[in-house]
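J.: need a structure here:
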Amino acid sequence: MTAVDWTVLVGYFVLMVLIGLWSRTKIKTGIESTDTTLVVALPLATSLVVYVGLGLLLPERRPEVDELVASLNTDPDEVTARPTAVNLQP
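T.: Numbering: from 1, shown residues only. As a prediction, the model looks like this:
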């Protein structure tokens, strides 16, 4: 990773921590009702933004993963495929 990648990663991390703290404060002090939906949805939405944003900003592509995904898209050869059951009765 380059210095720019680390700078973006640290900046994004700080931003997400601030958003997480804001949502926790909003839940604990700002919401007058004890609406379960909002208490569950706000941290869940914050986590979703963190993971999706991090995946879009700094995708981690490795040749091994690309090779595995490409191999899952093809059928195995007849030689390497599991042999079919053989009828053993005379």
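J.: Now name the helix or strand holding Tyr51.
T.: helix 36-57 (DSSP states H and E).
J.: what mean pLDDT does that helix have?
T.: Mean pLDDT, helix 36-57: 79.
J.: Can you give me the buried ones in the very next helix or strand once past it?
T.: With elements assigned by DSSP H and E, the helix or strand that comes after helix 36-57 is helix 63-72. When burial is assessed from 16 or more other C-beta atoms under 10 Å, helix 63-72 yields no buried residues. Every C-beta, even on glycine, is put in place using the N, C-alpha and C of the backbone.
J.: Next, report how far helix 63-72 is displaced from the centre of its chain.
T.: From the chain centre to the centre of helix 63-72 is a distance of 18 Å (C-alpha atoms, centre = their mean, to the nearest Å).
J.: next one: stretch 10-20
T.: Relative to the chain's own centre, stretch 10-20 is displaced by 17 Å; criterion: C-alpha atoms, centre = their mean.
J.: tell me the contacts of the nearest residue to Leu42 once chain neighbours are set aside?
T.: Excluding its sequence neighbours, the residue lying closest to Leu42 (C-beta to C-beta, 6 or more residues apart in numbering) is Ser23, at 4.7 Å. Taking C-beta atoms under 8 Å, 6 or more residues apart in numbering as the contact definition, Ser23 lies against 42-43, 46.
J.: what about Thr74, which helix or strand?
T.: Using DSSP H and E, Thr74 sits in no helix or strand.
J.: Using JSON lines, lay out the contacts of Ser23 together with neighbour count and distance to Trp6.
T.: Formatted as JSON lines, those follow (neighbours: other C-beta atoms under 10 Å; distance: C-beta to C-beta, whole Å):
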{"residue": "Leu42", "neighbour count": "17", "distance to Trp6": "29"}
{"residue": "Pro43", "neighbour count": "14", "distance to Trp6": "27"}
{"residue": "Thr46", "neighbour count": "16", "distance to Trp6": "23"}
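J.: Can you tell me which of these lies closest to Tyr12?
T.: Thr46 (13.2 Å; C-beta to C-beta).
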